[in-house]
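Enquirer: Need the 3D shape of this:
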Amino acid sequence: MDKIKIAVVGVGNCADSLIQGLEHYRQNGKSGTNGTLGIINENLGGYLPQDIEVVCAFDIDKRKVGERIDIAVRAKPNCTMDLNGRLPKSKTIVQMGPILDGISEHMKDYPSDRTFLPSNKKPVNVEKALKESEAEILLNYLPVGSEEATKFYAEACLKTGVSLINCIPVFIVSDPEWAKRFEAKRIPCIGDDVKSQIGATIVHRTLAKLFIDRGVKIDRTYQLNTGGNTDFLNMLNRERLKSKKISKTAAVQSQLDEPLAPDQIHIGPSDYVPWQNDNKVCYLRIEGRGFGGFPVSLEARLSVEDSPNSAGVTIDAIRCAKIARDRKIGGPLTSISAFCMKHPPKQINDTEAKELVRKFVQGTCLR
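Expert: Numbering: from 1, shown residues only. Okay, the predicted model is just below:
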């Protein structure tokens with residue numbers, strides 16, 4: 001199969017884990033069962049994880065701009081686990097993108113190895129860079145709250161014919177007006193706000209669905225998360241969290257027969273703990289009533305490495321976007337968006353969404 005050429009916006013922890021993971025499976029993919037450990041789908045429409053190639057990248061940090069991407073992904077403030085040791089030399093150089101609202105003001109109050117150091121270089125012509133790289137798909141890994149910057153890159157995709165996979169909670173693919181524009185241009189897109197492979201939202205959704213399926217009425221629930229990467233530091237600015245809270249809350253509410261009252265459900269980041277680095281810890285509680293009204297409550301603690309957890313899902317989204325491009329299908333891809341994203345155009349039960357993705361890959365489901 002042809003290589004899947006992708007561009008990355010935001011060379012942070014998520015990009016680091018994705019690129020490390022692609023190299024890991026490139027090296028080990030033919031070594032038997034353990035060589036594909038942790039992959040949801042090894043083969044999607046003939047495409048393997050190792051068929052994905054990063055050909056273009058944008059960032060705004062002076063420690064990354066102008067560097068080869070294999071060097072940039074290991075630069076501070078990135079703090080992911082090391083999967084492979086040194087990555088092979090890449091031909092892809094990280095280019096300066098527009099800052100816009102990509103950096104929160106409060107970030108300057110933290111140590112340089114924890115926060116962004118903006119480059120003073122002039123932003124490149126993003127549309128020209130995308131065209132010259134021959135990128136087919138753009139992954140948006142900008143910080144939460146980057147509304148203007150996300151819309152800028154979405155416009156660049158529309159002007160260049162590049163597909164968008166929107167991994168953050170700025171509503172593009174799930175917004176009817178943006179969706180119509182991608183549909184009109186016959187450009188496939190996937191979004192919004194990536195779920196982790198086994199993360200807080202997918203576990204919360206699954207347990208909530210279990211309560212409902214077993215006849216237990218949920219009265220209230222919360223999900224609190226802590227972490228030490230730049231994502232959690234960025235989210236200390238609560239002004240940037242409006243879309244994030246909507247996205248995460250809607251993902252759980254969609255599993256209930258009747259949505260909970262706003263004061264009976266709390267889902268969202270709780271705090272930034274620097275020494276956790278890329279480790280994310282989730283605490284969740286569900287309270288409900290079962291047979292005869294007897295009370296039942298559940299508490300769980302989940303600990304994961306945040307960024308590779310995201311990459312484990314993103315590689316499926318990338319390959320589905322490529323399949324759609326091969327078939328000349330445009331607009332939001334509802335099946336893979338429902339499976340991979342917290343705020344898709346259409347919320348679908350995770351088990352059903354996985355089956356719809358299988359049918360999409362086989363060609364028996366359009367989107």
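Enquirer: Relative to the whole chain's centre, how far out is stretch 291-309?
Expert: 22 Å (C-alpha atoms, centre = their mean, to the nearest Å).
Enquirer: Mind giving me the packing neighbours of the lowest-mean-pLDDT helix or strand in the chain?
Expert: Within the chain, judged by mean pLDDT, DSSP states H and E, the helix or strand with the poorest mean is strand 265-272; its value is a mean of 87. When contacts are defined as 3 or more C-beta pairs under 8 Å, 6 or more residues apart in numbering; DSSP states H and E, strand 265-272 packs onto strand 217-227, helix 230-234, helix 242-253. C-beta coordinates here come from the backbone N, C-alpha and C atoms, glycine included.
Enquirer: Just list what the first one packs against, helices and strands only.
Expert: Other elements packing on strand 217-227 under the criterion 3+ C-beta pairs under 8 Å, 6+ apart are helix 200-213, helix 242-253, strand 265-272, strand 279-289.
Enquirer: try 7 Å
Expert: For strand 217-227, the helices and strands in contact under the criterion 3 or more C-beta pairs under 7 Å, 6 or more residues apart in numbering; DSSP states H and E are helix 200-213, strand 265-272, strand 279-289.
Enquirer: For the first one, give me every contacting residue.
Expert: Helix 200-213 is contacted by residues 195-196, 218, 221, 223, 225, 248, 251-252, 255-257, 282, 284, 286, 288, 298, 300, 302, 342, 349-350 when judged by C-beta atoms under 7 Å, 6 or more residues apart in numbering.
Enquirer: Of all the residues in the helix or strand containing Ala311, which ones are buried?
Expert: In this structure, Ala311 is located in helix 306-326 according to DSSP states H and E. The neighbour-count check on helix 306-326 (16 or more other C-beta atoms under 10 Å) flags 306-325 as buried.
Enquirer: next one: stretch 259-270
Expert: Residues of stretch 259-270 classed as buried: 260, 265-270 (neighbour count, 16+ other C-beta under 10 Å).
Enquirer: Let me know how buried Leu37 is, in neighbour terms.
Expert: When neighbours are counted by other C-beta atoms under 10 Å, Leu37 registers 10.
Enquirer: what's the answer for Val124, then?
Expert: Residues lying near Val124 (other C-beta under 10 Å) number 14.
Enquirer: Ok, Gly10 next?
Expert: With other C-beta under 10 Å as criterion, Gly10 counts 26.
Enquirer: For this protein, give me the ranges with low pLDDT.
Expert: Flagging of the chain using pLDDT under 70 yields the residue ranges 1, 30-34, 85.
Enquirer: show me what contacts the closest residue to Val173 other than its chain neighbours?
Expert: When the adjacent residues along the chain are set aside, Val173 lies closest to Gly191, with 3.2 Å between them (C-beta to C-beta, 6 or more residues apart in numbering). Counting by C-beta under 7 Å, 6+ apart, Gly191 touches 164-166, 172-174, 337, 341.
Enquirer: Show me the two of these that sit farthest apart.
Expert: Ile165 and Ser174 (13.1 Å; C-beta to C-beta).
Enquirer: Comparing the two, which shows the higher neighbour count?
Expert: Legend: neighbour count by other C-beta under 10 Å for Ile165 and Ser174, higher for Ile165 (28 against 24).
Enquirer: Now that one. Its backbone dihedrals?
Expert: For Ile165, the backbone dihedrals (degrees, to the nearest 10) come out as phi -110, psi 110.
Enquirer: Quick check: bridge partners of it?
Expert: Note on Ile165: beta-bridge partners by DSSP bridges are Leu139, Ile190.
Enquirer: That one: what's it in contact with?
Expert: By C-beta under 7 Å, 6+ apart, the contact set of Ile165 is 137, 139-140, 190-191, 317-318, 321.
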